[in-house]
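Kindly generate the corresponding structure for this input.
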Amino acid sequence: MKKVWSGLLLGLTLATPLHAADNGFSIAIVAPVNDAVLGRTIAETDDTNLAFVLVNGIKAAEADCSDQVYLERKILLDSAKNGLIISLAGSDWTICRNAAGQSIAVARLTRLRELFFTDEFSFGASKLPLVRQSGTPKFRSYAENAHWEVGTIQFATINLPADNNHFLAAAGRNSEYEDRQIANHAWLQRLVANATYRKLPALVLFCDGDLLTSKTKPAQRDGFAQLRSQLKQLATSYPGRILLVHDRADPSGETPGAIRWNGNIGALAVGTNWLRLSIRPDGPELFSVSNDGKNSSANSSANKKAAVTVK
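The predicted structure follows:
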């Protein structure tokens, strides 16, 4: 068995844990709504004792897909006092169109990778070391997929856009999805193999889409189905817990800030307020969530899908 895990871990460089934090620590999880709300949220988290801040998405859905917007967000994100890590959202790139109404999603994704994922450290004043999937030659394009550790807990990002994983039904237009599926499959395999081999108590996975719930129409292919099946299968051999943190809850009933468990896999939806996720590896409760945000009146239209042009 050790030989099997060693083979799966080949080429995976391990990040140095931030600090020995088995007695407990907290992180903040933020879903951007607009510049003003994001700025206030960063200021609030700056004054909070946190291991790091995770921002789920670079921009709101209605914001432009221009370099100017991306660069403004980059400056804002890098102003944080805590270490700050970005998890890409579909609103950052999948809905982007040019002035003629044509999709420029792949070009915008490439640009985001160039602007936000070029080094081995987080944003913010406290630099966290990150291990990117792009360190593996076969997946050198997928720098947005990264992992790091705090104490004995492994954290990771994975690019899974909320809109059905950016699966396109039109023939000949789905190469981005298919290539990313291969990269994400390999990434999940490595993450769980690492956590299992090293007997880590938990893997916390940040993404945009709710991987565990199918929200497709009957005649529509589920863009998350293969990875969902893979994660459930991997979880059967992992003795710890896997917590999936995704974008805002479905208005049909899921409550932001509440973890729902199915076996050793949990799902946590982020609302318009920022969440504090407290982790106690040696405590009676591994995960606990509190809603520390004060922005409940924030622009709810950020939840809506929109076609955004580059200006």
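
shaky segments in the stretch 101-250 of the chain?
For the stretch 101-250 of the chain, the stretches with pLDDT under 70 are 171-172, 218, 248-250.

in the lengthiest helix in the chain, what's buried?
When the chain is parsed with DSSP state H, its longest helix is helix 175-197. Neighbour-count burial for helix 175-197 flags 176, 180-181, 183-184, 186-188, 190-197 (criterion: 16 or more other CB atoms under 10 Å). In short, each C-beta sits where N, CA and C put it, glycine included.

give me the number of residues near Gly101?
Counted by other CB atoms under 10 Å, the residues lying close to Gly101 total 8.

separation between it and His147?
With distances taken as CB to CB, to the nearest Å, Gly101 is found 37 Å from His147.

now Thr94
23 Å.

try Ala51
Noted for Ala51: a distance of 15 Å to His147, by CB to CB.

what does stretch 219-235 rub up against?
Residues from elsewhere that reach stretch 219-235, judged by CB atoms under 8 Å, 6 or more residues apart in numbering: 160, 164-167, 169, 177, 181, 184-185, 188-189, 192, 209-212, 214, 216, 242, 244, 263-265.

any idea how far that stretch is from the chain center?
Centre-to-centre, stretch 219-235 and its host chain are 17 Å apart (CA atoms, centre = their mean, to the nearest Å).

Give the buried residues for that stretch.
Gly223, Phe224, Leu227, Arg228, Gln230, Leu231, Leu234, Ala235.

again with stretch 154-165
Gln154, Phe155, Ala156, Thr157, Ile158, Asn159, Leu160, Pro161, Ala162, Asp163, Asn164, Asn165.

Out of those residues, flag the one nearest to Asn82.
Lowest distance from Asn82 to these (CB to CB) belongs to Phe155, with 14.0 Å.

Show me the strands in the stretch 201-311 of the chain, by range?
For the stretch 201-311 of the chain, the strands defined by DSSP state E, counting those that start in this stretch cover 202-206, 241-246, 259-262, 265-269, 275-279, 287-291, 308-309.

quick one, which of those is nearest to Ile29?
Across these, closest to Ile29 is strand 275-279 (CB to CB), at 4.6 Å.
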